[in-house]
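Q: below: sequence and its predicted model.
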Amino acid sequence: MPLETATRERIAALLAEHHVVLFMKGDRQQPMCGFSAAATNTLNELLPDYHTVNVLDDPEIREGIKAYGDWPTIPQLYVEGELVGGSDIISQLYNSGELHALFGAPLPDRTPPELTITDAAAEAIRQGTANAQGVVLHLEIGPDHSAGFQLAAAGEHDIVAHANGLEIHFDPASAQRAKGIVIDWVSTVQGEGLSLKFPGAREILSLSVQQLQARLAAGDITLIDVRPAQGRAQAAALSQARILEDEGYESLAALPKDTPLAFICHHGNSSRSMAERFAAHGFSNVHNVEGGMDAWATEIDPDVPRY
């Protein structure tokens, strides 16, 4: 479909007004798709400020920008009026250091991080990757210390760390955040999995639902429900709980670092992961509610639905 002149002029005006423009779904504070989130996470590493255009609010721009630069997908990054590309290209340029050069930023430190992989974690990783062909283990650590492992092809500009006979691939930002981490294999009543412990992070304390009930009655702990809306629709959040999805991570992370926090989910797995992120960010009094809302329904309040 031909690009209408009025839409072309609107896009050109945006590009002339702003040095860096990201056309995306959502905005910098709240991306509305994974690709837009990946793009903003990368740009946030390098730029204190840049302009975003939420194409979900403007159907003409959403379709027009695809024709403007002959690029079929969203997000799209423009610098000085020139199309750079989408989220994959943004990531590739970041990993190579070309994006740093484009923005006049120092080139990334490519020193592999020193880290520890426990014997239990190493054995689990070896078993889990035994049949993987042509891929390597990547670890991405976000600015909020959220972490994710994935098997993917090795990248030309990966930073590679070695520990306990294994190699882990990182992008430059994740490599910096991985310094001194301990990758362990943990086993709880809720299940097993890899766990990251960051230097200086306090241990996560376990809280039974009976202890939570007493702490809430005393008013000396802040409860954070990390369940998505679908879970809260099945069993409503406790009246004292703050909702992570509604308030957002950044808002809650702005609480004083000595605030006693308790995290709750359905069974206690997602809440422990979130508790670890807050502990990694310097919170010193962090608890996980073991058994989650299911245990609360079973042991405290039978009127709460189980699901």
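A: Right, received. Where do you want to start?
Q: any regions of the stretch 201-307 of the chain where pLDDT drops low?
A: Judged against pLDDT under 70, the stretch 201-307 of the chain has no low-scoring part.
Q: which parts of it are strands?
A: With DSSP state E, counting those that start in this stretch as the definition, the stretch 201-307 of the chain shows strands at residue ranges 205-207, 222-225, 242-243, 261-264, 286-289.
Q: tell me which of these sits most buried.
A: With neighbours defined by mean count of other CB atoms under 10 Å, none of the strands of the stretch 201-307 of the chain is more surrounded on average than strand 261-264, at a mean of 26. In short, each C-beta sits where N, CA and C put it, glycine included.
Q: for that one, C-alpha coordinates in PDB please.
A: Below are the C-alpha coordinates for strand 261-264, written out as PDB (Å, rounded to 0.1, in the frame of the first residue of the first chain):
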ATOM      1  CA  LEU A 261       9.300  -8.000  51.900                       C
ATOM      2  CA  ALA A 262       7.400 -11.300  51.300                       C
ATOM      3  CA  PHE A 263       6.700 -12.600  47.900                       C
ATOM      4  CA  ILE A 264       3.800 -14.900  47.100                       C
END
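Q: pipe the strands of the stretch 201-307 of the chain into TSV and attach distance to R277 per row.
A: Putting the strands of the stretch 201-307 of the chain into TSV (distance: least, CB to CB, whole Å) gives the following:
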stretch	distance to R277
strand 205-207	15
strand 222-225	11
strand 242-243	15
strand 261-264	10
strand 286-289	10
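Q: outside of stretch 174-190 itself, list whatever touches it.
A: If you take CB atoms under 8 Å, 6 or more residues apart in numbering as the criterion, stretch 174-190 is touched by 109-118, 120-121, 123-124, 139-141, 143, 145, 159, 161, 163, 168, 170, 192-199, 267-269, 272, 290-291.
Q: show the buried residues in these.
A: Buried members of the contacts of stretch 174-190, counted by 16 or more other CB atoms under 10 Å: 112-113, 115, 117-118, 121, 124, 139-141, 145, 159, 161, 163, 168, 170, 193-198, 267-268, 272, 290-291.
Q: these in strands, which ones?
A: Secondary structure assignment by DSSP state E places 117, 139-141, 159, 161, 163, 168, 170, 193-197 of the buried ones among the contacts of stretch 174-190 in strands.
Q: quick revisit: and of the strands of the stretch 201-307 of the chain, who's closest to Q76?
A: When the strands of the stretch 201-307 of the chain are ranked by distance to Q76, counting by CB to CB, first place goes to strand 242-243 at 32.7 Å.
Q: adjacent strands (with direction) for the closest one?
A: Strand 242-243 has these partner strands in its sheet, going by DSSP bridges: strand 222-225 (parallel).
Q: export the partner strand to PDB, keeping only CA atoms.
A: Listed next in PDB are the C-alpha coordinates belonging to strand 222-225 (Å, rounded to 0.1, in the frame of the first residue of the first chain):
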ATOM      1  CA  THR A 222       5.100  -5.900  52.800                       C
ATOM      2  CA  LEU A 223       3.400  -8.700  50.800                       C
ATOM      3  CA  ILE A 224       3.900  -8.700  47.000                       C
ATOM      4  CA  ASP A 225       1.700 -10.900  44.900                       C
END
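Q: can you list contacts of it?
A: For strand 222-225, contacts defined as CB under 8 Å, 6+ apart pick out 212, 216, 232, 237-238, 240-244, 252, 255, 259-265, 274, 289.
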